[in-house]
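> got a predicted structure here, sequence first:
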Amino acid sequence: MMAAKGSAAGSGRSGPVDLGPVRPVAVSRLSELVAEQIRDFIVSEDLAENTRLPSERDLAVRFGASRPTVSQALRTLSLMGLVEIRPGSGAYVVHRPDRSMTASVSLMLELDKESVAELAELRLWLETIGVQEAVRRGAGGDLTEVRAAFERLKDGAGSASAWIAADTVFHATVVRRSGNPFLASIYESVHTAVIRYEYDPWIQSEKVPAWLKPSAAAKLIAIHEPIMQALEQGDEEAALEAVLRHHEVMLDHLQRRGSRK
């Protein structure tokens, strides 16, 4: 095989090739790696919902990471709706992770942050289809799972860590009512990428955005309750209006997030 230009073989010298200065891996990248390791841990250990994860200290030892990195990783998993962080108690499994497109979608957004508006628009399209089908197929059906997700959402209002996880679970549960697992998987991936951008300051430093302050709890419930009501009433038009209204509020949050960069 021909030696690469500039290699030890090509230069007639022995020894390692000089690859230039070693660049440290960004903390955010490390936290993403640890988040993936914790995801794998939840799957491999077959951890059930409401199972308490090991402490941050124990996870740090297990995965050879610092506690701040583990903390970031848990916040990332929280906004994905996989874990819920309960202050003073620890992190608990919300649901087992499925295979998804989350990594590739997030990478695309990382390479082109200006495309977040288009990604949010795709999220709207997917949720619109999801809620529309949920209403059409769910007439007279069992909404127990959706109601439980909505009650969890209400209980989490006023707590950033609880709300972020519950929000993802609620929207994903609504879209899963469409009966199409592929739509649900794609939606969760896109939704996660969008809110990962929206809540990046919270992931990095636990900085709570203004719209998640306890004083804004009623407003947050007010943009989600119409979705729940429309499903209960089987009102397709109301459901579509509620999803659009939620999208408009999310866009406002994204714009405010972008203006602080």
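All right, it came through fine.

> okay, buried residues for stretch 214-223 please.
In terms of neighbour count (16 or more other C-beta atoms under 10 Å), stretch 214-223 has its buried residues at 217, 220, 223. The way it works is simple: take the backbone N, C-alpha and C, and place the C-beta from them, glycine included.

> tell me which residues are up against that stretch.
153-154, 157-159, 163, 210-212, 242, 245-246, 249 (C-beta atoms under 8 Å, 6 or more residues apart in numbering).

> now it, how far from the chain's geometric center?
20 Å (C-alpha atoms, centre = their mean, to the nearest Å).

> quick one: mean pLDDT for it?
For stretch 214-223, mean pLDDT is 94.

> with stretch 165-180 instead?
Computed over stretch 165-180, the average pLDDT equals 94.

> residues in contact with it: which ones?
Counting by C-beta under 8 Å, 6+ apart, 78-85, 94-95, 126-127, 129-134, 137-138, 141, 143, 145-146, 149-150, 152-153, 155-156, 183-184, 187-188, 191-192, 195, 224, 227, 231 sit against stretch 165-180.

> of the residues you listed, which belong to helices?
Of these, the ones assigned to helices by DSSP state H are 78-79, 126-127, 129-134, 137, 145-146, 149-150, 152-153, 155-156, 183-184, 187-188, 191-192, 195, 224, 227, 231.

> please list only the buried members of the contacts of stretch 214-223.
Buried, going by 16+ other C-beta under 10 Å: 153, 154, 157, 158, 159, 163, 211, 212, 242, 246, out of the contacts of stretch 214-223.

> number of residues surrounding the closest residue to the fifth one other than its chain neighbours?
This means residue 159. Closest residue in space to residue 159, ignoring its immediate chain neighbours: residue 87 at 7.4 Å, by C-beta to C-beta, 6 or more residues apart in numbering. As a burial measure, residue 87 scores 9 neighbours (other C-beta atoms under 10 Å).

> which residue packs closest to residue 54, ignoring adjacent ones?
In space, and not counting its chain neighbours, residue 54 is closest to residue 62: 6.9 Å by C-beta to C-beta, 6+ apart.

> that neighbour belongs to a helix, doesn't it?
Yes: looking at residue 62 with DSSP: H, G, I helix; E, B strand; the rest coil, it is inside a helix.

> okay, now it: neighbour count?
Residue 62 has 14 nearby residues by other C-beta under 10 Å.

> so it sits right up against residue 55, yeah?
No: Residue 62 is beyond contact range of residue 55, at 10.3 Å (criterion: C-beta atoms under 8 Å).

> for the most centrally placed residue in the chain, give its distance to residue 167.
Centroid-nearest residue in the chain: residue 80, 2.7 Å away (criterion: C-alpha atoms, centre = their mean). Plainly put, residue 80 is 11 Å away from residue 167 if you go by C-beta to C-beta, to the nearest Å.

> and what of residue 62?
For residue 62, the distance to residue 167 - C-beta to C-beta - is 28 Å.
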